[in-house]
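Enquirer: sequence and predicted structure are below.
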Amino acid sequence: MQPLWVRTALERVLRETRAQIVAVAVNQGETGTDAPPPPTTRVGRWIANRRSLLYALHRRIDRWKFPPRRSPFALVDISDLIAGAERIPVATRRTAFSDYFPAEAVEALRRCDIDVAIRLGFRILRGDALRVARHGVWSYHHGDKATHRGGPPAYWEVVEGEAVTGAILQVLSEQLDDGRVLAQGWVRTDRFSVGRNAAQLYWMSEPFLARALAALEVTRAESAPPEPLATRPQAYSRRLYRIPDNSTLARPLGALAARYLARHVAHLRDEEQWYIAYDVRPQSTRAFHQVAPYGWRTFEPPRGTSWADPFPVLRDGRHFLFFEEFHHADQKGRIRVSELERDGRLSAPTTVLDLPYHLAYPLHLSHGGADFLMPECATRDAIEVWRARTFPNDWTLEHRMLEGAAWVDATVYPWRDGWVLFAGLDCNARGDWDELHVFFSGSPFGPWRPHRRNPVVTDVRSARPAGLPFVVDGALYRPAQDGSLSYGSSLRLQCVTRLDEQEYEEHTVTHLHPRWAPHLVGTHTFNHVPGFTVIDARRRVSRLGG
């Protein structure tokens with residue numbers, strides 16, 4: 001029996017790669033041990049774990065109050081997946097924290113001619129066990145090793161109020177937490193539930209194994225060594241985390257309960273509303289140059305409505321603004337347009353697309369003498385392309401692209417001799433974690449070729465697109481949403497340093513927080529055309545009015 005996430009990961013490997021499971025090392029426990037058996041009665045367990053009873057109570061209450069929609073930890077049978085594999089019993093030699101394989105088990109595994117070994121059991125492996133496979137022993141680590149080493153997984157991030165929770169797949173080495181990183185990602189930390197936080201973290205990282213094996217297949221076909229992710233020297237400043245004792249946990253749990261209560265009070269008192277801010281001053285001619293929205297004009301929606309995802313268009317010397325209008329009552333967006341008037345005000349908006357399904361992020365594209373809109377319509381599992389019959393108000397559906405996935409905030413941009421498409425995937429439909437996928441084509445309408453390393457980014461802080469990319473002094477910049485504190489909580493500007501069909505690299509060059517006006521809690525779209533720069537912002541407003 002194994003957790004459901006393990007079975008799902010192995011099924012994905014068998015379905016999406018050419019890998020086969022040829023051997024299974026079965027943990028037989030410790031050799032020559034005289035350790036007493038664990039207590040079997042409830043009272044006995046309470047006495048044995050009396051120093052961490054508050055932790056146990058917290059976990060029990062959390063499971064009752066915040067049950068995950070799909071638990072990755074439910075035990076399931078995997079015997080059908082390993083039916084053809086050789087089973088090798090391993091009686092480990094144990095030290096305080098580590099497991100060592102006996103020589104006969106090491107030799108038996110080596111005879112199986114293994115390319116990759118996956119650690120899904122045992123404790124910290126050391127010694128010859130790390131050298132039984134051609135490309136090493138791969139292991140999940142559910143925690144960001146830069147901030148949280150030890151355990152329990154995904155627990156302390158909630159208790160201490162961390163913005164994100166990370167996970168990696170690494171090649172193990174004798175030096176703890178110093179293995180080559182093969183895949184990594186970050187989710188938004190669940191603010192209140194350790195169980196839900198762990199569930200989303202394990203589901204986010206589950207595909208890492210199949211992706212790393214697929215990358216290994218490509219590099220072997222090219223006779224190139226497998227390439228780990230780029231890493232930087234990084235000191236670790238915190239303690240080694242463990243299951244907390246009662247005195248350690250009392251104060252953090254009190255703070256967690258206070259945060260939970262404050263959120264409910266705020267929800268009863270306030271609601272959130274998006275609005276648009278814009279700059280039309282003559283110096284507004286360079287994208288993201290000295291962006292300081294505190295002095296910008298605002299474009300205010302009516303009560304019960306949000307205006308967001310602004311895309312400016314410069315056409316025949318006139319400025320237009322396409323944006324999403326979201327009605328709080330029916331939770332559905334439609335696309336509207338306004339024109340910038342001579343006095344700098346935006347005209348009353350008119351509706352250009354109002355469909356039975358949700359629309360957002362109205363990306364505009366001029367190509368071949370025609371105007372196109374590519375609004376987000378994730379519930380349609382495709383990217384829809386609309387062509388203007390009469391700009392800016394009359395549009396007809398031209399075709400659909402990349403069908404079969406719920407793409408969000410898809411952004412098409414001319415690149416070198418063709419086109420590149422950046423598209424996000426909201427992987428659990430709540431924005432808790434996002435992936436960035438990149439595609440290439442000779443046409444802005446496809447067909448699209450996926451990047452070899454898709455998803456190129458798995459990080460709630462920067463994966464999701466936030467507007468059109470742009471080039472300044474020869475460098476490509478990509479606006480990105482940071483959803484680490486909440487959906488659309490801030491904006492990052494990513495400098496893309498490598499972009500081709502094999503490699504992708506980017507890094508953050510600046511970070512815009514929603515602090516330029518009272519009651520702001522988010523900002524998630526930035527766009528610019530000469531003389532017209534726009535951004536959106538989310539604020540708290542009283543439900544009582546005023």
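Expert: Everything's here; your move.
Enquirer: name the helix or strand of this structure that has the lowest mean pLDDT.
Expert: helix 42-48 (a mean of 65; mean pLDDT, DSSP states H and E).
Enquirer: which helix or strand lies directly C-terminal to that helix?
Expert: Using DSSP states H and E, the next helix or strand after helix 42-48 towards the C-terminus is helix 53-65.
Enquirer: buried set for that next one?
Expert: The neighbour-count check on helix 53-65 (16 or more other Cβ atoms under 10 Å) flags 54-55, 58-59, 62 as buried. To be clear about C-beta, it is placed using only N, CA and C from the backbone, and glycine gets the same treatment.
Enquirer: what's it packed up against?
Expert: helix 194-205, helix 246-269 (3 or more Cβ pairs under 8 Å, 6 or more residues apart in numbering; DSSP states H and E).
Enquirer: and residue 156, what are its phi and psi?
Expert: phi -70, psi -30 (degrees, to the nearest 10).
Enquirer: distance check, residue 504 against residue 435.
Expert: Noted for residue 504: a distance of 12 Å to residue 435, by Cβ to Cβ, to the nearest Å.
Enquirer: okay, now the unreliable bits of the stretch 101-250 of the chain?
Expert: Counting by pLDDT under 70, the stretch 101-250 of the chain shows low-confidence ranges at 220-233.
Enquirer: domain map for the chain?
Expert: 2-244, 270-542 (automatic domain parsing).
Enquirer: end-to-end on the shortest one?
Expert: Same thing as domain 2-244. 26 Å (Cα to Cα, to the nearest Å).
Enquirer: also the last one?
Expert: End-to-end span of domain 270-542 (Cα to Cα): 4 Å.
Enquirer: hmm, back to that, tell me which of the domains of the chain sits most buried.
Expert: Mean neighbours per residue, mean count of other Cβ atoms under 10 Å, is largest over the domains of the chain for domain 270-542, with a mean of 18.
Enquirer: picking up where we left off before, rank the domains of the chain by pLDDT, which is bottom?
Expert: Mean pLDDT values for the domains of the chain show the minimum at domain 2-244, a mean of 88.
Enquirer: so who does residue 491 touch?
Expert: Going by Cβ atoms under 8 Å, 6 or more residues apart in numbering, residue 491 touches 466, 479-482, 511-512, 523-526, 535.
Enquirer: okay, and the common contacts of residue 504 and residue 435?
Expert: residue 457.
Enquirer: dump the helices and strands packed on helix 53-65 to JSON lines, plus distance to residue 133.
Expert: Below are the helices and strands packed on helix 53-65 laid out as JSON lines (distance: least, Cβ to Cβ, whole Å):
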{"stretch": "helix 194-205", "distance to residue 133": "21"}
{"stretch": "helix 246-269", "distance to residue 133": "39"}
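Enquirer: for residue 240, find the nearest of those.
Expert: Evaluated over the helices and strands packed on helix 53-65, closeness to residue 240 peaks at helix 246-269, with 13.3 Å, by Cβ to Cβ.
Enquirer: helices or strands next to the closest one in the packing?
Expert: Applying 3+ Cβ pairs under 8 Å, 6+ apart, one finds that helix 246-269 contacts helix 53-65, helix 156-159.
Enquirer: direction included, what does the next helix or strand after the first one pair up with?
Expert: When you say that, I think you mean helix 53-65. Downstream of helix 53-65, the first helix or strand assigned by DSSP H and E is strand 75-76. Using DSSP bridges, strand 75-76 pairs in its sheet with strand 2-3 (antiparallel).
Enquirer: which residues touch the strand it pairs with?
Expert: 72-76, 78, 120, 202.
Enquirer: mind checking which of the contacts of residue 491 are in strands?
Expert: Counting by DSSP state E, those place 479-482, 511-512, 526, 535 in strands.
Enquirer: distance of residue 357 from residue 437?
Expert: 22 Å.
Enquirer: my error: substitute residue 313 in the last question.
Expert: Distance, residue 313 to residue 437, by Cβ to Cβ: 26 Å.
Enquirer: one more: residue 258?
Expert: 39 Å.
Enquirer: can you lay out the domains of the chain as TSV showing distance to residue 262?
Expert: Putting these into TSV (distance: least, Cβ to Cβ, whole Å) gives the following:
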stretch	distance to residue 262
domain 2-244	11
domain 270-542	12
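Enquirer: of all these, which one is nearest residue 264?
Expert: Residue 264 lies closest to domain 2-244 among these, at 10.3 Å (Cβ to Cβ).
Enquirer: run through the bridge partners of the closest residue to residue 340 other than its chain neighbours.
Expert: Nearest non-adjacent residue to residue 340, counting by Cβ to Cβ, 6 or more residues apart in numbering: residue 319, 3.8 Å away. Beta-bridge pairing of residue 319 under DSSP bridges involves residue 314.
Enquirer: just to check, residue 319 is in contact with residue 342?
Expert: No: if you go by Cβ atoms under 8 Å, residue 319 and residue 342 don't touch, sitting 10.5 Å apart.
Enquirer: so residue 219 sits in a helix?
Expert: Yes: according to DSSP: H, G, I helix; E, B strand; the rest coil, residue 219 belongs to a helix.
Enquirer: how about the strands in the stretch 201-350 of the chain?
Expert: 240-241, 270-279, 297-299, 305-315, 318-327, 332-339, 350-353 (DSSP state E, counting those that start in this stretch).
Enquirer: so which of these gets nearest residue 91?
Expert: Smallest distance to residue 91 across those (Cβ to Cβ): 28.0 Å, for strand 240-241.
Enquirer: element containing the closest residue to residue 475 other than its chain neighbours, please.
Expert: Distance criterion Cβ to Cβ, 6+ apart; nearest residue to residue 475, sequence neighbours excluded, is residue 495 at 5.8 Å. Residue 495 belongs to strand 490-499 when assigned by DSSP H and E.
Enquirer: give me the sheet partners of that strand and which way each runs.
Expert: strand 475-482 (antiparallel), strand 504-512 (antiparallel).
Enquirer: okay if I get these as a markdown table plus distance to residue 28?
Expert: What follows is those, written out as a markdown table (distance: least, Cβ to Cβ, whole Å):
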| stretch | distance to residue 28 |
| --- | --- |
| strand 475-482 | 47 |
| strand 504-512 | 44 |
